[in-house]
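J.: give me coordinates for this.
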Amino acid sequence: MRKLKEDNMIAAGVDEVGRGALAGPVVAAAVVLPSDFQHPLLRDSKKLKPQQRRIVEKALYKHPDVLIGVGMIDNNEIDKINIREATLKAMHQAVHDLPVTPDIVLIDGLDRIPNLKTKQTPIVGGDDSCNEIAAASIIAKCLRDRLMVQQDDRFPGYDLHNNKGYGTVAHLAGLRVQGPCPLHRQTYKPVKKAIRYYQKEEIS
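T.: Purely as a prediction, here's the structure:
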């Protein structure tokens, strides 16, 4: 991965997960890596298998000089402020959750985080080119996946254990059969469509 910061500069990589899910929160992470942190599996979380992500996550949390902050916005607030604003808010939370104030924030994508005084650099494809962003993507993904697996016991019938809230065939089938649960994003078109279908079935 290419060098994106000056020596001795505290850089925090920021990434999010859950933007396209139909249920559950959007989760962001901010990660500061020490210069000596290396891991052969450190890359974009989407390019790793679940077990590989957990291995890297464990290594990140185990290293005494890796700094991690997280932010999370639930589905109810997503419905109120829209997913883009919710994502930026979760990122803002993650940066402020860090135990230090970074000199620069490296953000995956095109957006800048509003109301953040720290210098920012958006990077398209940053989770593939920046170690700090790749680490943030893994932290956010592992955290959100665990949360959604836990919710499967509370809200069965949607296959959340496997789809983590994304719109798979099994998830959409569950929505049609039993309607939405408190985790669902009511403003998302597939959920609204499933609600109408479910209500129609109840009437008939």
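J.: number of nearby residues for residue 171?
T.: 23 (other Cβ atoms under 10 Å). (C-beta placed from N, C-alpha, C; glycine too.)
J.: let the chain start at 33 from now.
T.: Taking 33 as the first residue, the last one we looked at is residue 203.
J.: quick one: contacts for it?
T.: Residue 203 sits next to 54, 55, 190, 191, 192, 195, 197 when contact means Cβ atoms under 8 Å, 6 or more residues apart in numbering.
J.: my read: the second one touches residue 217, true?
T.: Yes: using Cβ atoms under 8 Å as the test, residue 55 is close enough to residue 217 to be in contact (6.5 Å).
J.: what sits in contact with each of those two?
T.: 107, 223.
J.: what separates the longest helix seen in the chain from the chain centre, distance-wise?
T.: As assigned by DSSP state H, the longest helix anywhere in the chain is helix 163-186. On the basis of Cα atoms, centre = their mean, to the nearest Å, helix 163-186 is displaced by 7 Å from the centre of the chain it belongs to.
J.: which helices and strands does the following helix or strand past it pack with?
T.: Downstream of helix 163-186, the first helix or strand assigned by DSSP states H and E is helix 192-195. Where contact means 3 or more Cβ pairs under 8 Å, 6 or more residues apart in numbering; DSSP states H and E, helix 192-195 is packed against helix 163-186, helix 201-210.
J.: and the shortest one, average pLDDT?
T.: When you say that, I think you mean helix 201-210. If you average the pLDDT over helix 201-210, you get 93.
J.: same check, this time on stretch 116-133
T.: If you average the pLDDT values across stretch 116-133, you get 98.
J.: so which residues make contact with it?
T.: Outside stretch 116-133, the residues touching it (Cβ under 8 Å, 6+ apart) are 42, 44, 46, 48, 51, 57-62, 64, 99-105, 109-110, 113, 134, 137, 139, 143, 145-148, 150, 168.
J.: circling back to that earlier point, from the contact counts, what lies against the longest helix of the chain?
T.: Counting contacts by 3+ Cβ pairs under 8 Å, 6+ apart, helix 163-186 packs against strand 43-49, strand 58-64, helix 82-94, strand 99-105, strand 136-140, helix 158-161, helix 192-195.
J.: how about it: buried residues?
T.: If you call a residue buried by 16 or more other Cβ atoms under 10 Å, then helix 163-186 has these buried ones: 163-177, 179-180, 183-184.
J.: stretch 57-69 now?
T.: Buried-residue list, stretch 57-69, by 16+ other Cβ under 10 Å: 57, 58, 59, 60, 61, 62, 63, 64, 65, 69.
J.: now do the same end-to-end measure for it.
T.: Criterion Cα to Cα, to the nearest Å; first-to-last residue distance in stretch 57-69 is 29 Å.
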